[in-house]
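Q: Give me a model of this one.
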Amino acid sequence: MLQANLFRDFEFELEQLEEPQPDSDGIVIKVEIAGICGSDLHAFEGKHPFVKPPIVMGHEFSGIIHQIGREVADSSLQVGQRVIVEPSITCGQCYNCRTGRYNICDHLKVIGCQIKGGYATYVKVPAANVIPLDDSLTYEDGAMIEPLAVAVHAVELGKVKAGDHIVIIGAGTIGLLVAQAAKAKGAKVAISDLQDSRLAIARQLGIDVQINSGKASIIDGLKMFAPDGADIIFECVGKAFTLRQSVEIARKGSRIVIVGVVEGDVSLPVHYIQDRELELLGDLMYTRKDFQQALELVQNKEVLLDPLKTKTYMLKDINEAFRYVLDNPADTLKVFLKIS
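A: Okay, the predicted model is just below:
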């Protein structure tokens, strides 16, 4: 089998290995498609706080069950079945695991981040993390259920409800998925970005207001949309400037959900947070409920994925694929690797 190992910053090396055997309670998946995520790019550049070389990345992937461990009790899982994977590996014992918030497990590890992931012909995963993929969805759709689950979890954490006025900073893949998930709740959504091409896709997806924050202030852009200010702001960039911007544009009593992966320490105007009684929420990953809801949103066509699909590379061309994404931020949303 072939795998792409990030041995050092900015360089994957292709390796030929023997096909893995499943653990007794695990499954081996033949990977068909894997996505390139913003956090993968951070790791490729050496900027991710929790993902370091050497690592076989790939936490957004879909494929086919190839082998099943002898102690797997779930009879619904069959060799040849099309599946996706929830990549969280948790301890099951800590406080958050015991109380249903295993996405913030004290000992959380993630397939493709701390454990060998889907940038390989075959990958071993626990059977409990495997989710069937409906035949109506493509393998590319399947690889995008993981980032959509991130968006669903953020919207649930933000307590979005019908009639809310939502602002999303950043019209990348996650921002556009958060926007659609919020619209599915009945919210009114404005989204800001520096790239007109991404805002054009937001318009295509039916997002109510698009603001190029390099050409006009977000506050001015919101005057007609939300005269009383935004109820909830989703920061989907992870930069110091946009985090500060989230606080500065928040009205009194509103909520800010930090979805973007932040590099290093950030200084925020805490006096605004205190004086305006703002809620500032960190957001991490998802639970199985978010995955199931993400699948339903796509199957019911409440979230559209095709406008976010940019390009597909073969696994052997992974270095070229990552450099393409880095060099073409205005024209790139979701880039895939064809594994098998």
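Q: which stretches of the stretch 101-250 of the chain form helices?
A: Taking DSSP state H, counting those that start in this stretch as the criterion, the stretch 101-250 of the chain contains helices spanning 139-143, 145-157, 173-184, 196-204, 218-222, 240-249.
Q: Now tabulate these in TSV and tack on mean pLDDT.
A: Rendered in TSV, the data for these read as follows (pLDDT from 0 to 100):
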stretch	mean pLDDT
helix 139-143	98
helix 145-157	98
helix 173-184	98
helix 196-204	97
helix 218-222	91
helix 240-249	94
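Q: Those helices: which one's closest to residue 92?
A: Between residue 92 and those, the shortest separation by C-beta to C-beta is 19.3 Å, and it involves helix 145-157. Every C-beta, even on glycine, is put in place using the N, C-alpha and C of the backbone.
Q: residue ranges with poor pLDDT in the stretch 1-150 of the chain?
A: Using pLDDT under 70 as the threshold, the predicted model of the stretch 1-150 of the chain has no low-confidence range.
Q: circling back: reformat the helices of the stretch 101-250 of the chain as a markdown table; add distance to residue 110.
A: A markdown table is the format used below for the helices of the stretch 101-250 of the chain (distance: least, C-beta to C-beta, whole Å):
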| stretch | distance to residue 110 |
| --- | --- |
| helix 139-143 | 15 |
| helix 145-157 | 10 |
| helix 173-184 | 16 |
| helix 196-204 | 27 |
| helix 218-222 | 32 |
| helix 240-249 | 23 |
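Q: Was I right to think residue 24 contacts residue 73?
A: No. Applying C-beta atoms under 8 Å, one finds residue 24 not in contact with residue 73, separated by 11.0 Å.
Q: host element of residue 257?
A: Residue 257 is part of strand 255-258, with elements assigned from DSSP states H and E.
Q: Please pull up the helix or strand immediately following that strand.
A: Beyond strand 255-258 on the C-terminal side, the first helix or strand identified by DSSP H and E is helix 270-275.
Q: Let's see that next one as CSV, backbone CA atoms only.
A: Coordinates of the C-alpha atoms in helix 270-275 are reproduced here as CSV (Å, rounded to 0.1, in the frame of the first residue of the first chain):
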residue,chain,number,x,y,z
VAL,A,270,-11.3,42.3,27.2
HIS,A,271,-13.0,45.6,28.3
TYR,A,272,-15.5,45.1,25.5
ILE,A,273,-16.1,41.5,26.5
GLN,A,274,-16.8,42.6,30.1
ASP,A,275,-18.7,45.8,29.4
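Q: Mind giving me the packing neighbours of that helix?
A: The helices and strands touching helix 270-275, judged by 3 or more C-beta pairs under 8 Å, 6 or more residues apart in numbering; DSSP states H and E, are helix 240-249.
Q: got the buried residues for the helix it packs on?
A: Residues of helix 240-249 classed as buried under the neighbour-count rule (16 or more other C-beta atoms under 10 Å) are 242, 243, 244, 245, 246, 247, 249.
Q: For it, what is the distance to the chain centroid?
A: In terms of C-alpha atoms, centre = their mean, to the nearest Å, the gap separating the centre of helix 240-249 from the centre of its chain is 21 Å.
Q: Can you tell me what sits against that helix?
A: The set of residues external to helix 240-249 that reach it, using C-beta atoms under 8 Å, 6 or more residues apart in numbering, is 167, 169-170, 213, 218-219, 222, 230, 233, 235, 237, 256, 258, 260, 262, 266-269, 272-273, 278, 280.
Q: Show me the contact partners of the strand holding residue 257.
A: Residues contacting strand 255-258 (C-beta under 8 Å, 6+ apart): 154, 157-159, 231-235, 238, 243, 246-247, 250, 278-283.
Q: Report the strands that pair with it, each with its relative direction.
A: Partners of strand 255-258 in the sheet, by DSSP bridges, are strand 232-235 (parallel), strand 279-282 (parallel).
Q: was I right about residue 284 contacting residue 102?
A: No. Using C-beta under 8 Å, residue 284 is not in contact with residue 102; the gap is 10.8 Å.
Q: Can you tell me the centre-most residue of this protein?
A: Residue closest to the average C-alpha location in the chain (C-alpha atoms, centre = their mean): residue 147, at 2.9 Å.
Q: Could I get the contacting residues of that residue?
A: By C-beta under 8 Å, 6+ apart, residue 147 lies in contact with 35, 37, 60, 173, 174, 177, 334.
Q: The fourth one contacts residue 308, correct?
A: To tie it back to what came earlier, the one meant is residue 173. Yes. Using C-beta under 8 Å, residue 173 makes contact with residue 308 at a distance of 5.7 Å.
Q: how close does the residue nearest to residue 167 when sequence neighbours are not counted get to residue 245?
A: The shortest distance from residue 167 to any residue that is not its chain neighbour, by C-beta to C-beta, 6 or more residues apart in numbering, is 4.2 Å, and that residue is residue 230. Using C-beta to C-beta, to the nearest Å, one obtains 12 Å as the distance from residue 230 to residue 245.
Q: what do you get for residue 107?
A: Distance check for residue 107 against residue 245: by C-beta to C-beta, it reads 34 Å.
Q: what does residue 36 give?
A: Going from residue 36 to residue 245 by C-beta to C-beta gives 26 Å.
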